[in-house]
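>>> Pasted the sequence and its predicted model underneath.
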Amino acid sequence: MSKTIQWDDQRIFLAVLEEGSLAGAARRLGLSHPTVRSRIETLERTLGTVLFTRSVNGLRPTEAAEALLEPARAMAMASERFVRQASASGAEIAGWVRISVPEFMGIEVVPAMLARLRDKHPAIRVELSLSNLPADLLAQEVDLAVRTVAPKQGALFARKVAAIPLGLFASPAYVERRGLPSGVEDLVRHAFLGPDRNPSDLAFAEKMGLRREQLVLRTDSHPAQLAAARAGLGVAVAQVPVGERDAQLVRLLPDFDVAILETWIVTHENLARVPRVRAAFDSLVESFRIMGRG
């Protein structure tokens, strides 16, 4: 292979692989369909191999393409990290900070905290990654992460910031229709909104004693469960500070905590010394602790 492979070609390859089609990659990258097709064909000629074959479901990656997936993703993460690092220099508290947050917190909890961060440091900008899967902090895929599992890797810098109780919530209309449970034993007559396929959530529901016939809606999206509770569909498990401040929700059995959700703010020890990252880290720590004090 005598030609240099451009990063743009690798970026397009990764987009096609992850989107499963030329059209999807074109939309994601803001390019034309013919441009994406041409760049993939050029890359295949340069590599001397076929990367994709057509199937009824779109483009199917070959073994050669699948072998290149991880290196391409590593290059993408390195490129994103390069841009974030270049967005600020020296001791200036400015630039991009990429934060990984569980989906529910990213929708219901963290936005107000980010507004507080931006009020204090208006030159900071945020990339928010919503995922219930842990981001790779060791590879610096993100700068910061909000986690509900204690970090164990030695190269990570972490602070435990909250122990958030989980409670049961439903809408006023649901309560009017079905009544309030008098105790935990009375929950068997209520309709619940629960998990679909997530193994840890299914195990949690089983530990709660929820029977399959009690579930009137199954989804692995916690925000979707809470939205359904607001709509009067049934009872959802939610973080107590979120549910109690919501006028569309009523807490059932206020003295009963379903579980306690320990929460950590985590970064790589090297990034903890970067001004913009440390400012975001400290701001999130403070915001979660304020939330914990009510």
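Here it is on my side, so go on. Residues are numbered from 1 along each chain as shown.
>>> Can you pull the domain assignment for this protein?
7-83, 94-294 (automatic domain parsing).
>>> what does the average pLDDT come to for the shortest one?
For domain 7-83, the mean pLDDT works out to 86.
>>> can you check stretch 248-265 too?
96.
>>> before we move on, what about stretch 199-206?
Stretch 199-206 comes out at a mean pLDDT of 92.
>>> for the stretch 151-294 of the chain, which spans come out with low pLDDT?
For the stretch 151-294 of the chain, the stretches flagged by pLDDT under 70 are 293-294.
>>> Helices of that one, start to end?
Assigned by DSSP state H, counting those that start in this stretch, the helices in the stretch 151-294 of the chain fall at 172-178, 199-208, 222-230, 240-244, 275-292.
>>> can you give me how far the shortest one is from the chain middle?
Read it as helix 240-244. 20 Å (C-alpha atoms, centre = their mean, to the nearest Å).
>>> Would you double-check that Met105 falls in a helix?
Yes: secondary structure assignment places Met105 in a helix (DSSP: H, G, I helix; E, B strand; the rest coil).
>>> can I assume it is in contact with Val146?
Yes: using C-beta atoms under 8 Å, Met105 is in contact with Val146, at 5.9 Å. C-betas here are computed from N, CA, C, even on glycine.
>>> and stretch 48-64, which residues are buried?
51-52, 59, 61 (16 or more other C-beta atoms under 10 Å).
>>> no no, stretch 256-267
Quick answer for stretch 256-267 (16+ other C-beta under 10 Å): 258, 261, 263-267.
>>> which ones among those residues are found in strands?
261, 263-267 (DSSP state E).
>>> okay if I get the residues you listed as a markdown table plus distance to Glu92?
A markdown table is the format used below for those (distance: C-beta to C-beta, whole Å):
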| residue | distance to Glu92 |
| --- | --- |
| Leu261 | 35 |
| Thr263 | 29 |
| Trp264 | 27 |
| Ile265 | 22 |
| Val266 | 24 |
| Thr267 | 18 |
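>>> ok, longest strand in the protein?
Per DSSP E, the chain has its longest strand at strand 156-170.
>>> Now the phi/psi pair for Pro181, please.
Torsion angles at Pro181 (phi, psi; degrees, to the nearest 10) stand at phi -70, psi 140.
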